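S.K.: Task: produce atomic coordinates for the following.
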Amino acid sequence: MPAGIDLTAVVAEQPYPLIFATVSGAHLYGFPSTDSDVDLRGVHLLPVEEVIGLTPPTETRTVMADRDGVELDLVTHDLRKFVRLMQGRNGYVLEQLLSPLVVRTTAVHAALVELAPLVLTRHHAHHYRGFAATQRRLFGTSGELKPLLYTFRALLTGIHLMRTGRVVAHLPSLLEAEAAPAYLADLIAAKRSAEHGALGDLVAAPVLARDLADLTARLDQAHHDTRLPPQPAGAAQLNDLVVAARLADSAR
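M.R.: A predicted model of the protein is given here:
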């Protein structure tokens, strides 16, 4: 968990009750630097009067602030929007939901976690392949370790998900579970010491290109071979959960 900031106090200050709040970003991925910002993600619950009226509700709240010398980025979605995102091929929101770095949890959070396996599909491979491609382009522009590690992390998360049906976002754990270049441990150590450090001569460009191509091909093969279904399930259960949570909140 990030040090130097009281995240429970941040959660308590929010205007709507939070169903859950977890830490995402580099801390979740296992390579935060000493000056990394804190990415806090979660789900809030809008009051009934804001969702049943004629004015469309604002379903996403974003707060950026400096807290105790640490840059904080807080993004939360209303429960209904978050569940809609869950039902798409959105690996990012599932990583937030399943993050082990929990700042705030509730019974509804636990129920969402229990239902999460039902929404996993083979098409989540597209999410991770696309995210990796975007981060690789950023690395090509900046030469920084951060987008390069994001690229490796996305590819390995996608491979592991297709093989096992489990969402694992922590890169050091993925290095133990999946075959990966040995130099990644050194890149993680270098990134932890400098948020915007460059790759420099840590890995030769041809080696890097070869290994990224190999991981991309492995993700494509895992996508082809996976036993994950083509369509998500659990729509009725998720709908009932959203309705029950809203009704329970309105009764208080």
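S.K.: Where do the strands of the stretch 101-250 of the chain begin and end?
M.R.: In the stretch 101-250 of the chain, the strands defined using DSSP state E, counting those that start in this stretch lie at 102-104.
S.K.: Flag the shaky bits of it, pLDDT-wise.
M.R.: Counting by pLDDT under 70, the stretch 101-250 of the chain shows no low-confidence range.
S.K.: go again using 80 as the cut-off
M.R.: Applying pLDDT under 80 to the stretch 101-250 of the chain picks out residues 194-196, 250.
S.K.: Could you measure from residue 129 over to residue 28?
M.R.: 20 Å (CB to CB, to the nearest Å). (C-beta placed from N, C-alpha, C; glycine too.)
S.K.: what does residue 226 give?
M.R.: The value you get for residue 226 to residue 28, if CB to CB is used, is 23 Å.
S.K.: These two: which is more packed in?
M.R.: Ranked by neighbour count (other CB atoms under 10 Å), residue 226 and residue 28 place residue 28 first, with 22 against 19.
S.K.: For the helix or strand hosting that one, give the mean pLDDT please.
M.R.: According to DSSP states H and E, residue 28 maps onto helix 25-29. Averaged over helix 25-29, pLDDT sits at 95.
S.K.: Tell me which other helices or strands it touches.
M.R.: Counting contacts by 3 or more CB pairs under 8 Å, 6 or more residues apart in numbering; DSSP states H and E, helix 25-29 is packed against strand 38-44, helix 145-164.
S.K.: So what touches it?
M.R.: 1-2, 22, 32-33, 36-39, 73, 95, 99, 101, 146, 149-150, 153, 169-171, 191 (CB atoms under 8 Å, 6 or more residues apart in numbering).
S.K.: 6 Å - rerun?
M.R.: 2, 32, 36, 39, 99, 101, 153, 169, 171 (CB atoms under 6 Å, 6 or more residues apart in numbering).
S.K.: Same question for stretch 219-233.
M.R.: 87, 118-122, 125, 129, 155, 158-159, 162-163.
S.K.: 10 Å instead, please
M.R.: Applying CB atoms under 10 Å, 6 or more residues apart in numbering, the external contacts of stretch 219-233 come out as 86-89, 115, 117-126, 128-129, 132, 154-165, 178, 238.
S.K.: Quick one: distance of that stretch to the chain centre.
M.R.: 19 Å (CA atoms, centre = their mean, to the nearest Å).
S.K.: Check which residues of that stretch are buried.
M.R.: 219, 222-223, 226, 228, 232 (16 or more other CB atoms under 10 Å).
S.K.: how about the CA coordinates for that stretch, as CSV?
M.R.: Only the C-alpha atoms of stretch 219-233 are listed here, as CSV (Å, rounded to 0.1, in the frame of the first residue of the first chain):
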residue,chain,number,x,y,z
LEU,A,219,-1.2,-13.7,-26.4
ASP,A,220,-2.7,-14.3,-29.8
GLN,A,221,-2.2,-18.1,-29.4
ALA,A,222,-3.6,-18.0,-25.8
HIS,A,223,-6.6,-16.2,-27.2
HIS,A,224,-7.1,-18.9,-29.8
ASP,A,225,-6.7,-21.7,-27.3
THR,A,226,-8.6,-20.2,-24.3
ARG,A,227,-11.6,-21.9,-22.7
LEU,A,228,-13.1,-18.6,-21.7
PRO,A,229,-16.6,-18.1,-23.3
PRO,A,230,-17.3,-15.7,-26.2
GLN,A,231,-20.0,-13.8,-24.2
PRO,A,232,-20.3,-12.6,-20.6
ALA,A,233,-22.8,-14.1,-18.3
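S.K.: Start at 82, not 1
M.R.: Sounds good: first residue 82 from here, last item stretch 300-314.
S.K.: one step back: list just the one of the helices and strands packed on helix 106-110 that sits closest to residue 188.
M.R.: Closest to residue 188 of the helices and strands packed on helix 106-110, according to CB to CB: strand 119-125, at 12.9 Å.
S.K.: Report the two of the buried residues of stretch 300-314 separated the most.
M.R.: Top of the distance list for the buried residues of stretch 300-314 (CB to CB): 300 and 313, 19.9 Å.
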